[in-house]
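Asker: below are the sequence and a predicted model for it; my questions follow.
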Amino acid sequence: GERAITYAQLNESVNRLGSELRGLGIGTGDRVVLRLANSIEFAVCALALHRLGAVVVPTNVLLREPILTHIVNCTAAKAIIVHQEFLDAVERGRAAQPVLQWRIVAGGDALRPAGDGYLSYEHLLNSGSARLDSAMVARDALANQERHQTQIEGFVQVGTRPSIDLAQVRTDVATARLQT
């Protein structure tokens with residue numbers, strides 16, 4: 001059946017999962033593969049990872065093991081979060097996925113870790129803190145935009161880029177400054 005969640009419950013779940021993922025060392029720029037159906041768990045995971053500054057790598061739950069393993073390895077994913085009904089492809093490719101540090105399974109027992117090298121999504125959700133500070137990615141974005149502006153200024157000076165590009169990058173830098 002369909003499940004419902006309030007925005008307050010969603011925010012609390014995002015904070016709880018995010019604080020536990022941060023405790024596992026997942027943070028800005030880390031890739032995390034999601035092998036979850038369209039569900040509340042998918043929304044919670046994606047929002048928690050965004051709040052950490054991590055990169056969400058969503059996958060189709062119908063992918064078979066070789067393709068899933070290819071995605072895990074090519075993205076250098078630090079973790080995978082998988083619903084237990086889609087665990088078979090993760091388990092079959094386990095030996096060929098050396099980059100994964102964490103395998104988190106949803107849909108199990110909320111009171112205990114999953115075992116066999118897997119962490120329980122429900123256990124993490126119940127263990128986490130209701131408070132989570134977002135990653136400070138705005139400062140990095142500003143530094144990147146300022147470097148880009150310097151490059152564009154040089155290109156405009158030598159005539160290889162139109163001046164409208166400089167106007168756009170100046171707008172981008174101003175926007176990034178407002179976000180810091």
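Answerer: Now that the structure is in, tell me what you want to look at.
Asker: contacting residues for the closest residue to residue 103 other than its chain neighbours?
Answerer: Take residue 103 and drop its neighbours on the chain: the residue closest to it by Cβ to Cβ, 6 or more residues apart in numbering is residue 118, 4.8 Å away. Heads up, the C-betas are built off the backbone N, CA and C, glycines and all. By Cβ atoms under 8 Å, 6 or more residues apart in numbering, the contact list for residue 118 reads 103-105.
Asker: and of those, the nearest to residue 172?
Answerer: Within these, proximity to residue 172 (Cβ to Cβ) peaks at residue 104, which comes in at 35.6 Å.
Asker: next, that closest one: phi, psi?
Answerer: phi -120, psi 130 (degrees, to the nearest 10).
Asker: for the contacts of residue 118, which one is nearest residue 11?
Answerer: Using Cβ to Cβ, residue 104 comes nearest to residue 11 of the contacts of residue 118, at 20.2 Å.
Asker: look up how far residue 12 lies from the closest one.
Answerer: Distance, residue 104 to residue 12, by Cβ to Cβ, to the nearest Å: 19 Å.
Asker: repeat that for residue 124.
Answerer: The gap separating residue 124 from residue 12 is 13 Å, by Cβ to Cβ.
Asker: which one of those two has more residues nearby?
Answerer: Neighbour count, other Cβ atoms under 10 Å: between residue 124 and residue 12, residue 124 has more, with 25 against 19.
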